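J.: No letters, just coordinates:
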């Protein structure tokens with residue numbers, strides 16, 4: 001239930017606030033990926049893919065993005081365990097959750113940035129569906145991923161501060 005509440009809040013923030021922010025006219029951060037970034041290390045692979053798909057469908061319904069978010073979030077859900085494995089300690093327990101406290105600030109920022117790069121690359125490449133304006137597409141991907149990674153760190157600090 002807690003996870004569903006977190007996804008509902010992320011979806012509301014994304015749809016009501018972040019979808020209306022276009023930095024330099026092209027950069028729109030997709031914070032909806034934060035919920036997938038914070039999944040525990042040994043979560044069910046099917047469950048993770050379903051969460052990714054359904055949060056993407058919900059985003060698509062409210063944003064009119066015609067399946068782009070569903071595909072991007074499902075892709076992120078598919079690669080998240082491999083990315084987390086690169087940064088998690090080798091002796092991590094089964095219930096290891098990637099946080100700033102467990103990974104450290106540097107590793108968490110790089111982990112969140114890589115996850116956001118996957119999400120934004122899939123989303124904006126599907127949006128452009130061409131490499132005609134590849135500079136603008138790259139600006140959207142890297143700029144959106146950088147801003148979203150910063151927002152992930154801020155969200156992480158807010159969530160973990162409430163849990164203490």
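T.: Received, thanks. Because the structure is predicted, anything quoted here is derived from the model rather than measured.

J.: which stretches of this protein have low pLDDT?
T.: Applying pLDDT under 70 to the chain flags the ranges 1, 94, 162-164.

J.: Mind giving me the packing neighbours of the lengthiest helix in the chain?
T.: Counting by DSSP state H, the longest helix found in the chain is helix 134-163. Under the contact criterion of 3 or more C-beta pairs under 8 Å, 6 or more residues apart in numbering; DSSP states H and E, helix 134-163 touches helix 34-37, helix 100-103, helix 105-128. From N, CA and C alone the C-beta is placed, and that goes for glycine too.

J.: residue closest to the middle of the protein?
T.: residue 33 (1.8 Å; C-alpha atoms, centre = their mean).

J.: Who are the contact partners of the residue nearest to that one when sequence neighbours are not counted?
T.: Ranked by C-beta to C-beta, 6 or more residues apart in numbering and with sequence neighbours excluded, the top spatial neighbour of residue 33 is residue 119, at 4.2 Å. Contacts for residue 119 (C-beta atoms under 8 Å, 6 or more residues apart in numbering) come out as 30, 32, 33, 36, 72, 73, 75, 76, 145, 148.

J.: And residue 24, by the same measure?
T.: Taking C-beta under 8 Å, 6+ apart as the test, what residue 24 contacts is 139, 143.

J.: State the number of residues packed around the residue nearest to residue 37 when sequence neighbours are not counted.
T.: Nearest residue to residue 37, sequence neighbours excluded (C-beta to C-beta, 6+ apart): residue 115, at 4.8 Å. Counted with other C-beta atoms under 10 Å, the neighbours of residue 115 add up to 25.

J.: For residue 47, see how far away residue 115 is.
T.: 17 Å (C-beta to C-beta, to the nearest Å).

J.: now residue 12
T.: Distance from residue 12 to residue 47, by C-beta to C-beta: 22 Å.

J.: now do residue 61
T.: 21 Å.

J.: Also residue 96?
T.: Relative to residue 47, and taking C-beta to C-beta, residue 96 is found at 16 Å.

J.: So which of these two has more stuff around it?
T.: Taking neighbours as other C-beta under 10 Å, residue 96 and residue 47 compare with residue 96 leading, 16 against 12.

J.: Which of the three states applies to the spatially closest residue to that one that is not a sequence neighbour?
T.: Distance criterion C-beta to C-beta, 6+ apart; nearest residue to residue 96, sequence neighbours excluded, is residue 41 at 4.1 Å. Secondary structure assignment for residue 41 (DSSP: H, G, I helix; E, B strand; the rest coil): coil.
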